[in-house]
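Enquirer: Got a predicted model here, sequence first, then my questions.
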Amino acid sequence: MSEKELEVSHQAQAASPAWARIERARHPQRPYPMELIERIFMDFSEIHGDRAFGDDEAIACGMARLDGDEVMVIGNRKGGTTKERVRRNFGMPHPEGYRKALRAMKIAEKFGRPVISFIDLPGAYPGLGAEERGQAEAIARNLLEMSRLRTPTISVISGEGGSGGALALAVSDRVLILENALYFVITPESCAAIMWRDAERKQLAAEAMRISAPEVAALGCVDEIVPEPPDGIQSDREAGAGILGTILKKRLAELKATPIETLVAARQEKFRNIARFYKEA
């Protein structure tokens, strides 16, 4: 590509609406999952440990109340200060985090509690230790078990929903996404580095990937877009949490009124058909 073509390309990227959405999803003041949980639910009682290796501080699980309903809530933690973010691994779970989440889901299933998960992570942690302790197996196990969990399930993508790390908490009856959130297989930066060996072309990748809320909804990857306040949920956290809480109550009531056999069958059928563009005669 010539210098003139590169200049035109960078000018086009500067005005990219897709990249503007990414910046809103990554806004430093955007509330993380645990802040939304604290605003929407009451009496959160945390469950620790995976009963196999340890307690991953990037994932929080616990019983809580949504109005009169007792539910199991799961969300990843990113942390506020730099020290806390390091401790929580910037919100990227290790395998013990996914195993802790699955343990909590199984407790919820045993006691007939719906499961509501909140997701804002760029992906599962890909470090050597995580791989040695079975990161891929932990994610795969969650996908399998969530697909047949015999209790109503709802997932909320509130910021970034990245790759299998997000999907391991999002095989649910209803998958909601906030208006300015993202759902992707790979970050635009990584996509650009692979496709063009130039991470600076991340905005072109963002345009091509179709990862914004309206685009993933059109593809059938999520079930509903949750509106945010005009300038994003970070501009009015209380109002944004109120909107999300109202929708969660409505969807939970609908799911609880549906026989569990119907829910499980519909959940499995939905995820089998995602990204399926044609059927053989």
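Expert: Everything's here; your move. Residues are numbered from 1 along each chain as shown.

Enquirer: Gly134 reaches Pro95, doesn't it?
Expert: Yes. In this structure, Gly134 is within contact of Pro95 by C-beta atoms under 8 Å, at 5.1 Å. For glycine as for every other residue, the C-beta is placed from the backbone atoms N, C-alpha and C.

Enquirer: between the two, which one's more packed in?
Expert: Comparing Gly134 with Pro95 by other C-beta atoms under 10 Å, the one with more neighbours is Pro95, at 27 against 18.

Enquirer: And for the more buried one, nearest residue in space, chain neighbours not counted?
Expert: With C-beta to C-beta, 6 or more residues apart in numbering as the criterion, Pro95 has its nearest non-adjacent residue at 3.7 Å, and that residue is Ala138.

Enquirer: Kindly report the same for Gly165.
Expert: Beyond its immediate neighbours in the sequence, the residue positioned closest to Gly165 (C-beta to C-beta, 6+ apart) is Ala124, lying 3.2 Å away.

Enquirer: Repeat that for Arg30.
Expert: Counting by C-beta to C-beta, 6+ apart, Arg30 lies nearest to Gln234, which is 4.5 Å off, once chain neighbours are set aside.

Enquirer: List the residues that contact that neighbour.
Expert: Shown here is Gln234, whose contacts under the criterion C-beta atoms under 8 Å, 6 or more residues apart in numbering are His27, Gln29, Arg30, Pro31.

Enquirer: hang on, the earlier thing: neighbours of the residue nearest to Gly165, how many?
Expert: Using other C-beta under 10 Å as the criterion, Ala124 is surrounded by 25 other residues.

Enquirer: Look at it and tell me its secondary structure.
Expert: Applying DSSP: H, G, I helix; E, B strand; the rest coil to Ala124 yields a three-state assignment of coil.

Enquirer: What's the per-residue pLDDT of it here?
Expert: Ala124 is assigned 92 on the pLDDT scale.

Enquirer: Would you state the strands of the stretch 101-250 of the chain in chain order?
Expert: Assigned by DSSP state E, counting those that start in this stretch, the strands in the stretch 101-250 of the chain fall at 115-121, 153-162, 174-178, 182-184, 224-226.

Enquirer: before we move on, back to that, please tell me how far the residue nearest to Arg30 sits from Ile59.
Expert: Gln234 sits 23 Å away from Ile59 when distances are taken as C-beta to C-beta, to the nearest Å.

Enquirer: ok, now Lys250?
Expert: With C-beta to C-beta as the criterion, Lys250 and Ile59 are 27 Å apart.

Enquirer: Mind checking which of the two has more residues around it?
Expert: Here Lys250 and Ile59 are compared on neighbour count by other C-beta under 10 Å; more neighbours surround Ile59, at 28 against 10.

Enquirer: Which residue is the nearest non-sequential neighbour of that one?
Expert: Among residues not flanking Ile59 along the chain, Gly97 sits closest, at 3.7 Å (C-beta to C-beta, 6+ apart).

Enquirer: list the contacts for the one you found?
Expert: Each residue near Gly97 by C-beta under 8 Å, 6+ apart is listed here: Asp50, Asp56, Ala58, Ile59, Asn76.

Enquirer: per-residue confidence for the last one?
Expert: If I follow you right, that is Asn76. 90.

Enquirer: How many residues are close by it?
Expert: Using other C-beta under 10 Å, Asn76 has 30 other residues around it.
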